[in-house]
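[1] Just need the structure, nothing else, for what follows:
(one chain, ligands or ions: 1)
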Amino acid sequence: MRSKIVAGNWKMNKNLEETEKLLAELSAKLPNTEAEVMVAPTFVNLSRSVQVLESSTIQVMAQNMHFEESGAFTGEISADMLLNIGVETVILGHSERRAYFGETDELLAKKVAKALEKGLRVMFCFGEELDERKAGNHFKVVETQLKNALFSLDNSSWSSIVLAYEPVWAIGTGETASPEQAQEMHAFIRKTIAEAYSNSIADEVSILYGGSVKPNNAQEIFSKTDVDGGLIGGASLVADDFLAIVNAI
Ligand code: PGA
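    Below is the predicted model of the structure:
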């Protein structure tokens, strides 16, 4: 059965002290849950986060990585560096990386391939922009993103992939896709994977929704058949809000 997952993407927020404080609060108050709970602090605080969460079930993710092994790539972080400090999951393809740092599907395909080769689990983000939805192109856009970055993977790689559908117009805007819009897209994503691979691969992959998930809307969104949890931005920075969302699974 596919995993339920609630993951917090902290983006460029929280210094070291704030990170330690939030992690301590999260691990102290974490409810009993069937969901995997994950957080993605900034790179500089990842190592400390792994230490702080050593006896917790909360997992630590990175927000990005480079596709090369090592070498002259100033400012970049490799898969091996993440694994070496105990980070086992990496977020790739977040819309902010695509929009502000020029990440393309082709570049992301290389990052995904390297992460999987190294044994990292990948949380792959994708989703349409507002004008694409308004023009009725959202299904096509999502299909193309998946195809370009993921559909040359072999069958066995899919057990290390988590998908996060994040419509760009709903990220940090306070606007959420309705639970019906989320379900409609998640079902489409599953169907697209079933056609490209198989029903069992499509059934097993966790598909998270992201975009202004808050304590007051999480339960309704998570109740949808094809929504297996959420990738949470703003609300993951406040312990009680994030834990309320964990509780909504
Ligand atoms: P948000 O961010 O919850 O603040 O909209 C979601 C995300 O970027 O993953």
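
[2] contacts and neighbour counts: CA atoms only from here.
    OK.

[3] Low-confidence stretches in this protein?
    Regions of the chain meeting the criterion pLDDT under 70 are absent.

[4] now the strands for it?
    With DSSP state E, the ranges of strands along the chain come out as 5-9, 36-40, 59-62, 89-92, 121-126, 161-165, 206-210, 229-232.

[5] Would you reformat those strands as CSV and include mean neighbour count and distance to the ligand?
    Below are those laid out as CSV (neighbours: other CA atoms under 10 Å; distance: least, CA to the nearest ligand atom, whole Å):
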stretch, mean neighbour count, distance to the ligand
strand 5-9, 25, 6
strand 36-40, 21, 10
strand 59-62, 24, 13
strand 89-92, 24, 10
strand 121-126, 24, 8
strand 161-165, 24, 8
strand 206-210, 28, 5
strand 229-232, 28, 4
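
[6] Now tabulate the ones you listed in a markdown table and tack on distance to residue 245.
    Listed next are those as a markdown table, based on distance: least, CA to CA, whole Å:
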| stretch | distance to residue 245 |
| --- | --- |
| strand 5-9 | 8 |
| strand 36-40 | 10 |
| strand 59-62 | 16 |
| strand 89-92 | 20 |
| strand 121-126 | 19 |
| strand 161-165 | 16 |
| strand 206-210 | 12 |
| strand 229-232 | 9 |
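
[7] hmm, the longest helix anywhere in the chain touching the ligand?
    Scanning the chain for the longest helix, with DSSP state H as the assignment, gives helix 179-196. No - using CA under 6 Å from any ligand atom, helix 179-196 never reaches the ligand; the gap is at least 13.9 Å.

[8] Okay, buried residues for that helix please.
    179, 182-193 (16 or more other CA atoms under 10 Å).

[9] Show me which of these is closest to the ligand.
    residue 182 (13.9 Å; CA to the nearest ligand atom).

[10] check contacts around that closest one.
    Contacts of residue 182 were listed using CA atoms under 8 Å, 6 or more residues apart in numbering, and they are 209, 221, 227.

[11] Using CSV, list the CA coordinates for the longest helix of the chain.
    Output of helix 179-196 as CSV, limited to C-alpha atoms (Å, rounded to 0.1, in the frame of the first residue of the first chain):
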residue,chain,number,x,y,z
PRO,A,179,-10.3,19.2,-3.2
GLU,A,180,-12.1,18.3,-6.4
GLN,A,181,-9.5,20.0,-8.6
ALA,A,182,-6.8,18.2,-6.6
GLN,A,183,-8.5,14.9,-6.9
GLU,A,184,-9.2,15.4,-10.6
MET,A,185,-5.5,16.1,-11.3
HIS,A,186,-4.2,13.3,-9.0
ALA,A,187,-6.4,10.8,-10.8
PHE,A,188,-5.1,12.1,-14.1
ILE,A,189,-1.5,11.7,-12.9
ARG,A,190,-2.2,8.1,-11.8
LYS,A,191,-3.8,7.3,-15.1
THR,A,192,-0.9,8.8,-17.0
ILE,A,193,1.6,6.7,-15.0
ALA,A,194,-0.6,3.6,-15.5
GLU,A,195,-0.5,4.1,-19.2
ALA,A,196,3.2,4.7,-19.4
